[in-house]
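>>> Sequence plus the predicted model coming up.
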Amino acid sequence: MKIILVTQYFWPETFIINDLAKTLVAQGHEVQVFTGKPNYPEGKVFPGYTSHGCDRELYAKKIPVFRAPLRPRGRGAIGLTLNYLSFVFNGIRFFPKALQTGGKPYDVIFVFAPSPILSMLPAVLLKWKAKAHLAVWVQDLWPESLRATGFVRSRFLLFCVGVLVRALYAFSDTLLIQSRAFKTSVMRYASESKIVYYPNCYAQNVAEKTMQTEIPAELLAFMEQNFCLVFAGNLGTAQSLETLVAAATRLKHLPRCKLIIVGAGSMYAWLVAQKDALGLDNMYLVGRFPSSEMPHFFSRAAGLLVTLRKSNVFSLTVPSKLQAYLAAGRPIIAALDGEGARIVQEARAGFCCAAEDSAELARAIERLFHMSAAERIQLGDSGQRYFAANFEMNAQGRRLIEILEERIAQDREVKR
């Protein structure tokens, strides 16, 4: 299959779409990527890139990548809004010109669509030019997410976004939803016949302790000497980091129990201030590391933490880190509602409590702390088996192609 991948976020930014693109190519498909300049999550263009001009490069030595100019995210709502709009504007301006239409025709325009759904707009033009099937992998619910995060409060603006979402979904041929719970919300803006469940997946990577790593040796040694719970990923408002801080405060009486927070984002400075103000010697902010380093953290963790804010839209979402956590074979402690909690419980991979409930989160961590090593291994093994059956990257890559081939065949049948 010949695939055009449209995504605002791509390597060297850390997103699952990077590994999925490599997996599809390894399985014999042709992928060409249209994206912007990497600047997530810190809001600065990565070294080796500039925000202006178009670039072409190869990812993993096989995948052509075209990069349009992009205004970096910077800090604050205005910078983020301009970042989103610059991807839309420059994608519409440059992507169709960069599309190579010679040779075998493209089968699919595949859009990786975390927030904002606006990133789908350039793909609509590519669909017309390439005359290909347009499939959108919906990672986030708009306008619900805008309301939940407080990014937009105006009812009129939220209504306008809803109208835009309805129009964008109308241009799509297939809407892939990463959570089964998304279906009812997406059906408000699109026909049920377009909607197919396709979960996030993860390329399992087991790190041996002898493998080379950028992580400081003293940090790895510290983790091996203590009972460490790892939280990895974006440090933003949606992650309910206040819950982690409050739980850390409640766990001071367990001196060997440490919270290791790996990542960067808009709430990082707040976390640093809270650590100092509350004297949280049991909470360590170690900064951002590439996704390739995560197995080194996970393999030394006694458990893995995931938290989300209390919100109806977040209860429908499956955090993308959850698949990586299950693959790691470590117990999971989750303070979240809805679909994410259901997966942890169904997998029998750890303990759940309600979103934003720091007291119950602390109790769950303390419960894990007092379990035997064999009991913790049993939780991790159960989660790993669930991952293999539901989220393993190679199997899900094949499943994606099956879905797309079936949908394209249905389109052809309708047009006859």
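Perfect, I can see it now.

>>> any idea how far the residue most central in space within the chain is from residue 95?
Centroid-nearest residue in the chain: residue 320, 4.2 Å away (criterion: CA atoms, centre = their mean). Per CB to CB, to the nearest Å, residue 320 is found 25 Å from residue 95. The way it works is simple: take the backbone N, C-alpha and C, and place the C-beta from them, glycine included.

>>> Quick check: nearest residue in space to the residue nearest to the centre of the chain, chain neighbours excluded?
The shortest distance from residue 320 to any residue other than its chain neighbours is 5.1 Å, reached at residue 200 (CB to CB, 6 or more residues apart in numbering).

>>> Contacts only, for that neighbour.
By CB atoms under 8 Å, 6 or more residues apart in numbering, the contact set of residue 200 is 16, 139, 178, 318, 320, 322-323, 391.

>>> May I see those residues arranged in CSV, with pLDDT and secondary structure as well?
Putting the contacts of residue 200 into CSV (pLDDT from 0 to 100; DSSP: H, G, I helix; E, B strand; the rest coil) gives the following:
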residue, pLDDT, secondary structure
16, 93, helix
139, 94, coil
178, 96, coil
318, 93, coil
320, 87, coil
322, 96, helix
323, 95, helix
391, 96, coil
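
>>> Most neighbours among these, which one?
With neighbours taken as other CB atoms under 10 Å, the top of these is residue 322, carrying 28 neighbours.

>>> Tell me which residues touch that one, please.
200, 306, 332, 334, 340, 343-344.

>>> now residue 127
Residues 109, 133-134, 171 are the ones in contact with residue 127 under the rule CB under 8 Å, 6+ apart.

>>> Mind checking the pLDDT average for the helix or strand harbouring it?
Assignment of secondary structure by DSSP states H and E places residue 127 within helix 121-130. Across helix 121-130, pLDDT averages out at 95.

>>> how about the CA coordinates for it, as CSV?
Output of helix 121-130 as CSV, limited to C-alpha atoms (Å, rounded to 0.1, in the frame of the first residue of the first chain):
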residue,chain,number,x,y,z
LEU,A,121,-7.0,20.6,6.9
PRO,A,122,-3.9,20.2,4.7
ALA,A,123,-4.7,16.5,4.3
VAL,A,124,-8.1,17.5,2.7
LEU,A,125,-6.2,19.3,-0.2
LEU,A,126,-3.8,16.3,-0.5
LYS,A,127,-6.9,14.0,-0.8
TRP,A,128,-8.2,16.0,-3.8
LYS,A,129,-4.8,16.1,-5.5
ALA,A,130,-3.9,12.5,-4.9
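
>>> can you pull the buried residues of it?
121-127, 130 (16 or more other CB atoms under 10 Å).

>>> re the thing from before, any of the contacts of residue 322 buried? List them.
200, 306, 332, 334, 340, 343-344.

>>> Filter those residues down to the ones in strands?
Using DSSP state E, the subset of the buried ones among the contacts of residue 322 located in strands is 306, 332, 334.

>>> check contacts around the residue nearest to the second one when sequence neighbours are not counted.
Meaning residue 332. In space, residue 332 comes closest to residue 350 once its chain neighbours are excluded; the distance is 3.6 Å by CB to CB, 6+ apart. Shown in contact with residue 350 (CB under 8 Å, 6+ apart): 303-304, 331-334, 344, 364, 368, 379, 383.

>>> Which strands and helices lie in contact with the host helix or strand of residue 395?
Assigned by DSSP H and E, residue 395 belongs to helix 393-415. Applying 3 or more CB pairs under 8 Å, 6 or more residues apart in numbering; DSSP states H and E, we find helix 393-415 packed against helix 16-26, strand 108-113, strand 133-138, strand 174-177.
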